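no sequence for this one, just the structure:
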């Protein structure tokens, strides 16, 4: 690996990662924040490549960019009457203080310790090795992980699903649309926004 | 590998059977005087420029081919005015699109609105990088190539979402949400279909899969026909092509996520759609039809011409389905994915695992075992298809599923009344 | 200057603290989840950096560990977002300041 290209790649990717993460803090729109999160995740995937972990990098793109961010967008779209803004709570200042503490402590430890580290040779044919160790040494964690994912899947479906209740409500709103008053139909087709109590600056923007 | 060795013996830049010769010549020349990072950058640039140079003109021709072929399917002439046989029609269209005004809705999210026509190119171009045009003839022969293909093509969804959401148009948003829902659903059978190949051939490199087929003298569509069918359907759904183009169904939601894009921005979306179709047909040809290899013919004909011929055949099949099949409803598409394709491909992953284990542990002769397995798998596929046909006839499955609206989810009329009364009372 | 372990560790620390700040300070529940994801990513990055630069041969086990973290993160996001949907359905908001049912 040539050192010039490596330096360029590292600093660009680091800027991308940290910049994306900082823009999540700054951006006032939740959808923008998700897109900045994607940029940050792509940067981390690139950093994995600079550490020659190809398989992890591709998995990172597949799961974070392809799945988790899409899931977040879905959650935002399915909560249409909630606020779309991305402002801070009153815990902003204490959080910032703790963040600075953590940052100084960890960076100090990282830079001050003599790790005695040397760059190891990269693994060849990582995907095969990882797959083999997943079903040999790590077969128990692997199975537990599978059970965890299944449980999470079932749990998420059970939480998000409310069929019987919805069916009654659906029938009711269909009925209201069919023979209700104009007022009711207007309520259904153009629902009123949730009133935000004395919370200035929480205007609805973005999206429909 | 004899085709490759022959090319090495005769290796010269003008030997067009192996396009590597030219690029190797250039990089070796640079390595003589330049720093080592320059040659690797130049190799990457050469590969991408080569791909761009091929795709650009090909897209223009493909627009003409697609319109002409669909016209033939529908008993029309198709474009036949501009140029000989209408060949210059795409150029005329492009000039018209470039000259058109580029509108942007006033309420659009400006930055995100301008990005998608550019960003949409990225995944489509990146996956060309792992496509082998011949033995060792790909821009990057990753050992996780299959995973790379899936990961990169999965990111295209985000761009579609950005396009639909930022337009601030309800039809655009509908189209975007449909595209997202469909794409993450059909990614599952796509992954499972490719997993059968990966399990059976024991490699995740795209070139490795082709070499496995060459070594065993068999193409994967014979061994795993159901995976091929599932991959074909899933790919045509991911590509938003007509049997599954609900995310831009003009009779329902105007033009879907690109409703608000005018002029060349629309043209870019259109071009990318065709380009993605081309690259996915190339991958279908690579995975299931043997790619650049064709029972020894690759020694006499340049391997990339074989790949292009197979790609053309798959592409024609995609045009055929587009020209003849009507558009499906969204609930039909979703239930077809989750109730038919996913279980079937999942079963075939298990079948592939069992057969692979038998092959490895029993030490059977592959020349005898593979044809038997092929026959068994073809029989299983026919059985699965007939079972599906019988089930699809049932009245219950054909009825559209009740859609759950967001307004029901948030409590329907009662909740709306309550909120309205609260709002009224508060003022 | 050579890019060594320290640079990656510092980057991971920075990313972790940014995620920490986001998770603690954002009003929106989806925003909080984003912060948690950033923290997990920072940890993964640190692990991979250690695996590449360590003196002992831990590369493979670290990568497997990272895969497990990614899998658990995916499960966590799915359940977290389902919880957010339920909260939204009952309270019409996903603002973490306003989900105060447990407050006496």
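Received it, and whenever you're ready, just let me know what you need. Since this is a predicted model, take the numbers as computed values, not measurements.

which residue packs closest to residue A:55, ignoring adjacent ones?
Nearest non-adjacent residue to residue A:55, counting by C-beta to C-beta, 6 or more residues apart in numbering or on different chains: residue A:126, 4.5 Å away. In this view, the C-beta of every residue, glycine as well, is placed from N, C-alpha and C.

what distance do you get for the one you found to residue B:144?
8 Å (C-beta to C-beta, to the nearest Å).

hmm, back to that, which residues touch the residue nearest to residue A:55?
A:53, A:54, A:55, B:143, B:144, C:63 (C-beta atoms under 8 Å, 6 or more residues apart in numbering or on different chains).

which two among those are spaced furthest apart?
B:143 and C:63 (14.1 Å; C-beta to C-beta).

for chain A, which segments count as helices?
A:3-26, A:30-50, A:54-60, A:69-77, A:92-112, A:126-135, A:139-160, A:163-179, A:182-189 (DSSP state H).

elements contacting the last one?
With contacts taken as 3 or more C-beta pairs under 8 Å, 6 or more residues apart in numbering or on different chains; DSSP states H and E, helix A:182-189 sits against helix A:163-179, helix B:412-426.

could you redo the last one with a cut-off of 10 Å?
helix A:163-179, helix B:406-409, helix B:412-426 (3 or more C-beta pairs under 10 Å, 6 or more residues apart in numbering or on different chains; DSSP states H and E).

check those helices for me: which has the lowest mean pLDDT.
Here the lowest mean pLDDT among those goes to helix B:406-409, at a mean of 63.

before we move on, the earlier item: more neighbours: which of residue B:143 and residue C:63?
It is residue C:63, of residue B:143 and residue C:63, that has more neighbours when counted by other C-beta atoms under 10 Å in any protein chain shown, with 23 against 20.

tell me the contacts of that one?
A:48, A:53, A:55-56, A:59, A:123, A:126, A:129-130, A:133, C:44, C:47-48, C:51 (C-beta atoms under 10 Å, 6 or more residues apart in numbering or on different chains).

how about the secondary structure of it?
helix (DSSP: H, G, I helix; E, B strand; the rest coil).

would you mind measuring from it to chain B?
12 Å (C-beta to the nearest C-beta, to the nearest Å).

against the centre of chain A, work out the most remote residue.
Going by C-alpha atoms, centre = their mean, the residue of chain A most distant from its centre is residue A:179, 43.6 Å out.

for the closest residue to chain B within chain C, helix, strand, or coil?
Checking chain C residue by residue against chain B with C-beta to the nearest C-beta singles out residue C:89 as nearest, at 6.4 Å. Under the three-state scheme (three-state DSSP), residue C:89 adopts helix.

next one: it from residue B:181, what distance?
For residue C:89 relative to residue B:181 (C-beta to C-beta), the value is 20 Å.

which helices and strands does the host helix or strand of residue B:306 pack with?
For residue B:306, the host element (DSSP states H and E) is helix B:303-324. Counting contacts by 3+ C-beta pairs under 10 Å, 6+ apart, helix B:303-324 packs against helix B:2-9, helix B:36-73, helix B:225-238, helix B:263-288.

helices or strands next to the helix or strand just after that helix in the packing?
Where DSSP H and E defines the elements, the next helix or strand beyond helix B:303-324 is helix B:330-335. Applying 3+ C-beta pairs under 10 Å, 6+ apart, we find helix B:330-335 packed against helix B:170-201, helix B:395-398.

hang on, the earlier thing: quick one: common contacting residues for residue A:126 and residue B:144?
In contact with both residue A:126 and residue B:144: A:54, A:55, A:56, using C-beta under 10 Å, 6+ apart.

so what's the residue count around the second one?
Read it as residue A:55. The burial count for residue A:55: 24, using other C-beta under 10 Å.

do the same with the first one
Residue A:54 has 19 neighbours, counted by other C-beta under 10 Å.

quick one: residue A:137 from chain B, how far?
20 Å.

phi, psi for that residue please.
Per-residue torsions, residue A:137: phi -70, psi -40 (degrees, to the nearest 10).

would you confirm that it contacts residue A:130?
No: in terms of C-beta atoms under 10 Å, residue A:137 does not count as a neighbour of residue A:130; the distance is 11.0 Å.

what residue is smack in the middle of chain B?
Centre-nearest of chain B using C-alpha atoms, centre = their mean is residue B:280, 3.4 Å out.

test my guess that it contacts residue B:238.
Yes: counting by C-beta under 10 Å, residue B:238 is a contact partner of residue B:280 at 7.6 Å.

rewinding a little: list the residues that contact the residue farthest from the centre of chain A.
residue A:185.

how close does it sit to chain B?
Distance from residue A:179 to chain B, by C-beta to the nearest C-beta: 12 Å.

burial of the residue nearest to residue A:34 when sequence neighbours are not counted, as a residue count?
Of all residues not flanking residue A:34 in the chain, residue A:72 sits nearest, at 5.2 Å (C-beta to C-beta, 6+ apart). Neighbour count for residue A:72, taken as other C-beta under 10 Å: 25.

for residue B:252, same thing?
16.

any idea how far the nearest residue to it once chain neighbours are set aside is from residue B:257?
Closest residue to residue B:252 apart from its sequence neighbours, by C-beta to C-beta, 6+ apart: residue B:246 at 7.4 Å. For residue B:246, the distance to residue B:257 equals 12 Å [C-beta to C-beta].

anything in contact with each of the two?
B:174, B:175, B:178, B:179, B:240.

tell me which element whichever residue of the stretch 151-300 of chain B sits closest to chain A is part of?
The minimum distance from the stretch 151-300 of chain B to chain A, using C-beta to the nearest C-beta, falls at residue B:154 (3.3 Å). Element membership for residue B:154 (DSSP H and E) is helix B:145-166.

near chain C, anything from that helix?
No: figure legend: helix B:145-166 not in contact with chain C (C-beta under 10 Å from any C-beta of the partner chain); closest approach 12.4 Å.

and the direction of that helix versus that of helix B:225-238, what angle?
30 degrees (axes from the mean of the first three to the mean of the last three C-alpha atoms, to 10 degrees).

angle of helix B:145-166 against helix A:69-77?
Helix B:145-166 and helix A:69-77 are oriented at 20 degrees to each other (the same axes, to 10 degrees).

how about helix B:145-166: buried residues?
B:145-166 (16 or more other C-beta atoms under 10 Å in any protein chain shown).

quick one: it to helix A:30-50, angle?
160 degrees.

pLDDT of helix B:145-166, averaged?
On average, helix B:145-166 scores 87.

what does stretch B:301-310 give?
81.

which parts of that stretch are buried?
B:302, B:303, B:304, B:305, B:306, B:307, B:308, B:310.

among the shared contacts of residue B:246 and residue B:257, which are in reach of chain A?
residue B:174.

neighbour count, pLDDT and distance to chain C added to the shared contacts of residue B:246 and residue B:257, as a markdown table?
Listed next are the shared contacts of residue B:246 and residue B:257 as a markdown table, based on neighbours: other C-beta atoms under 10 Å in any protein chain shown; pLDDT from 0 to 100; distance: C-beta to the nearest C-beta, whole Å:
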| residue | neighbour count | pLDDT | distance to chain C |
| --- | --- | --- | --- |
| B:174 | 21 | 85 | 20 |
| B:175 | 30 | 86 | 23 |
| B:178 | 25 | 86 | 20 |
| B:179 | 25 | 86 | 20 |
| B:240 | 23 | 79 | 26 |
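
could you list the low-pLDDT ranges of chain C?
C:1, C:55-56, C:100-104 (pLDDT under 70).

which bits of it sit near chain B?
By C-beta under 10 Å from any C-beta, the residues of chain C that approach chain B are C:85, C:88, C:89, C:90, C:92.

out of those, which end up buried?
C:85, C:88, C:89, C:92.

can I get these in JSON lines with distance to residue B:81?
Converted to JSON lines, these look like this (distance: C-beta to C-beta, whole Å):
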{"residue": "C:85", "distance to residue B:81": "54"}
{"residue": "C:88", "distance to residue B:81": "56"}
{"residue": "C:89", "distance to residue B:81": "57"}
{"residue": "C:92", "distance to residue B:81": "58"}
